[in-house]
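Engineer: next comes the sequence, and after it the predicted model I'd like to discuss.
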Amino acid sequence: MIDETGFLKKGKHSVGVARQYSGTAGRIENCQIGVFAAYASRWGQALVDRQLYLPKDWAEDGERRRKACVPDEAAFATKPALAREMIARTLEAGLPCAWVLADAVYGSDHQLRRLLEARGQPYVLAVRSTHTLRFFEGWNLVQTDPAAMADDLEADQWACLAAGEGSKGPRLYDWARVPLGWESEQGFERWLPVRRSQRDPEALAYFFAYAPEGTSLAELAGAAGLRWTIEESFLRAKDDLGLDHCEARSWHGWHRHMSLVMAAAAYLAKLAAGQRRTAFGKGDKTSPDALAAA
């Protein structure tokens, strides 16, 4: 999973700090933004990589860079560009990966999607309702968007499926999918899965899915639902280990603080995974997925 998180600041000297949107605060705040990669399995999850987002004003200000010890090679890069670097590092390190997951900030980046497809890596990436889609139907070029495609879905195309386990049991939504008319590598299919809230039918979420042939809608729904685990990783790392309590102002200080917290969080995740494996191996009837959610 890829996502970013904000670190609220009061001053202007901490590296990368600027008035920018923070999903943590839900508004524009004076903050730093870190882009993170997390890894999840049935036994648990942990943060595995991090990169500070350096706003363009910072990247082009030599004096601020010098005072914050920003390396010469650290140029301005968008959040999706940072994500591409981290995903490539993680996959090249040999981590087994069934799916790459991210929100619409990253799902809308065609370079990220092409990177994954070139590696034969399945993904389920959120996308905005207004994302422009173009493909051919026969000899006609069709231009549309996810919201318009969802409007054409019939009632019998929707199914109630679980998007993972929540604190009160399975998180149930209505799901449907539409095939995307783009060419795929042999053995893969492209889909536009759509998720609809059962409480508010007007609340829809859209995804691009690049999946092995024969992948069911239930599997796509389950994969999409795992993205919440990176939020759980942020919450635990901040509340229990001080991920957001970094007082260092320099580039190296920020990355070292994040690395130490991530190492501690990974150690705790490993202990918890061992306990879950032991409980499951002794005949505990609770499923590994439910244990991981707990």
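Structural biologist: Cool, got the structure.

Engineer: what does stretch 14-34 rub up against?
Structural biologist: Contact partners of stretch 14-34, identified using CB atoms under 8 Å, 6 or more residues apart in numbering, comprise 4-12, 50-55, 57-58, 68-70, 79, 248-251, 253-254, 258. All C-beta spots, glycine's among them, are computed from the backbone N, C-alpha and C.

Engineer: now the buried members of those.
Structural biologist: 4-7, 9, 50-55, 58, 68, 70, 79, 249, 251, 253-254, 258 (16 or more other CB atoms under 10 Å).

Engineer: of these, which belong to helices?
Structural biologist: W58, K79, W251, G253, W254, M258 (DSSP state H).

Engineer: test my guess that the third one contacts V70.
Structural biologist: Yes: between W251 and V70 a contact is recorded at 4.7 Å, counting by CB atoms under 8 Å.

Engineer: and the helices in the chain?
Structural biologist: 56-59, 62-67, 79-92, 104-107, 110-118, 146-151, 217-225, 228-241, 251-281, 288-293.

Engineer: for the ones you listed, give me a markdown table that also has mean pLDDT and distance to Q32.
Structural biologist: As requested, those are exported to a markdown table (pLDDT from 0 to 100; distance: least, CB to CB, whole Å):
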| stretch | mean pLDDT | distance to Q32 |
| --- | --- | --- |
| helix 56-59 | 95 | 10 |
| helix 62-67 | 96 | 13 |
| helix 79-92 | 96 | 13 |
| helix 104-107 | 96 | 17 |
| helix 110-118 | 96 | 23 |
| helix 146-151 | 94 | 32 |
| helix 217-225 | 95 | 29 |
| helix 228-241 | 94 | 13 |
| helix 251-281 | 93 | 7 |
| helix 288-293 | 42 | 30 |
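
Engineer: rebuild those as TSV, extending it with distance to L161.
Structural biologist: Below are the helices of the chain laid out as TSV (distance: least, CB to CB, whole Å):
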stretch	distance to L161
helix 56-59	42
helix 62-67	49
helix 79-92	27
helix 104-107	20
helix 110-118	24
helix 146-151	16
helix 217-225	4
helix 228-241	15
helix 251-281	24
helix 288-293	14
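
Engineer: what's the closest of those helices to R177?
Structural biologist: helix 217-225 (5.4 Å; CB to CB).

Engineer: can you point out the buried residues in that closest one?
Structural biologist: For helix 217-225, the buried set under the neighbour-count rule, 16+ other CB under 10 Å, comprises L217, E219, L220, A221, G222, A223, A224, G225.

Engineer: how much space between the second one and G11?
Structural biologist: E219 is 47 Å from G11, where distance means CB to CB, to the nearest Å.

Engineer: which one of the buried residues of helix 217-225 is nearest A126?
Structural biologist: Closest approach to A126 among the buried residues of helix 217-225 (CB to CB): A224, at 7.7 Å.

Engineer: ok, the ones in helices among the buried ones among the contacts of stretch 14-34 vs T278, which is closest?
Structural biologist: For those, the nearest to T278 is M258 (30.4 Å; CB to CB).

Engineer: excluding its backbone neighbours, what's nearest that closest one?
Structural biologist: R50 (4.5 Å; CB to CB, 6 or more residues apart in numbering).
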